[in-house]
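Here is my input; please provide its structure:
(one chain, ligands or ions: 1)
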Amino acid sequence: MSQTLSKPQCRACGKNKMTLWATSPDRLLSTHELFHYWKCHACGSLTLFPLPSTESLRDHYPTSYPPFLSHSKPTISKPPPVHTRMVSLPLPFLHALRNFFTGDLDWWWLPLDFKGRVLEIGSSNGAFLERLSRRCPYASVEGIEINDQAAAQARARGFNVHTGDLFHIQLTSTSYDLIYLSHVLEHLDDPQKYLMHLYSLLAPRGRIVILIPNSTSWSAYLFRSYWFALEAPRHFFIPSSRQLHTLLHDAGFRNITTRFRVYPKSFLKSIRYLMGKGQGNVAYKLVMCLTPFAKIASWAKATSVMEIVGEKNV
Ligand SMILES: [Zn+2]
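Model (predicted):
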């Protein structure tokens, strides 16, 4: 979508009937400049307008930006606390119970005997590639990461990670079996163009997996400018679940499935912003207390984070 318009245009559907929905500073970095998010009447998605300049945007992605450092725990970590180990026992009943309450549906789209080619967009320091490689030792994995330092850490872990922009990188393959994007698409100015390009990089029956915030979540309505997932001005758009499905469908994907992740931390982190506190750890006990409510939000398709899977059906 065009960035040079004088009026906001929905980045998810292209329509221009928009209402100003929230005005927010960069709460993560505690800066004062305000950014405006507009809600699309047609599809319910949010669009940042106007976009910050490229120069100004650079300041909003410091090297300390958490996703560049995320999951940077050492490979061998301390043993988890006893109560965590209790629910991790390999008993089917406990697994089912835990999954019911936490919505822990990670990897449902990845069979254990998966042997294909995987490309992660925004692979940070390679933590996800490492987890995937452990789970599927015969998979061939590589990543793309825009941050030099994070990419270097991933390479130090032994992964083939490209640095730079997807459209200008010489990839190892043009036929991936799985492309994974965790909280990447919402940072882009033309998601449809990006999705179409990713579609072209998939092998027949290859899958795309996307994690992204949900503009029609209960937390979004409740907190608006203080909503943790708004993340002004790094998120250029936040789609509604309906429009996200349409975006994938229009890019050519079929067998599209959306799941709504149980993520009570979004609520608690938004409360922190509302109370004037910055980003910080939220108490594990509070997360557990809120999990049943987050589960209800998941049933109502109203959690803050969606996971959508689409297949190249040719
Ligand atoms: Zn729209």
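
Can you give me the neighbour number for the residue in the stretch 101-250 of the chain positioned nearest to the ion?
With CB to the ion as the measure, Gln243 is the residue of the stretch 101-250 of the chain nearest to the ion, at 5.9 Å. To be clear about C-beta, it is placed using only N, CA and C from the backbone, and glycine gets the same treatment. Using other CB atoms under 10 Å, Gln243 has 23 other residues around it.

Enumerate every residue touching it.
12-13, 40, 43-45 (CB atoms under 8 Å, 6 or more residues apart in numbering).

Tell me which of these fall in strands.
With DSSP state E as the criterion, strands contain Cys40 from among these.

The closest residue to Cys10 other than its chain neighbours bridge partners, please.
In space, and not counting its chain neighbours, Cys10 is closest to Cys40: 3.8 Å by CB to CB, 6 or more residues apart in numbering. On the basis of DSSP bridges, Cys40 is bridged to Met18.

Roughly how far does Cys40 sit from the ion?
3 Å (CB to the ion, to the nearest Å).

Likewise for Gly252?
On the measure of CB to the ion, Gly252 and the ion end up 20 Å apart.

surely that residue meets Tyr199?
Yes - with contacts defined as CB atoms under 8 Å, Gly252 counts as touching Tyr199 at a distance of 4.7 Å.

hey, what's in contact with both of these two?
Contacts common to Gly252 and Tyr199, judged by CB under 8 Å, 6+ apart, are Lys312.

can you pull the contacts of the residue minimising distance to the centre of the chain?
Residue closest to the mean C-alpha point of the chain, counted by CA atoms, centre = their mean, is His183 at 2.0 Å. Counting by CB under 8 Å, 6+ apart, His183 touches 67, 122, 211-213.

Point out the ones among those residues that are inside helices.
Per DSSP state H, helices hold the following members of the contacts of His183: Pro67.

among the contacts of His183, which one has the lowest pLDDT?
For the contacts of His183, the weakest pLDDT value sits at Pro67, with 75.

Might one say that that one is in contact with Ser124?
Yes - contact criterion CB under 8 Å: Pro67 and Ser124 qualify, at 6.1 Å.

Between those two, which has more neighbouring residues?
Taking neighbours as other CB under 10 Å, Pro67 and Ser124 compare with Ser124 leading, 25 against 17.

Just the pLDDT for the more buried one.
pLDDT at Ser124 comes out at 92.

element containing it, please.
In this structure, Ser124 sits in neither a helix nor a strand according to DSSP states H and E.
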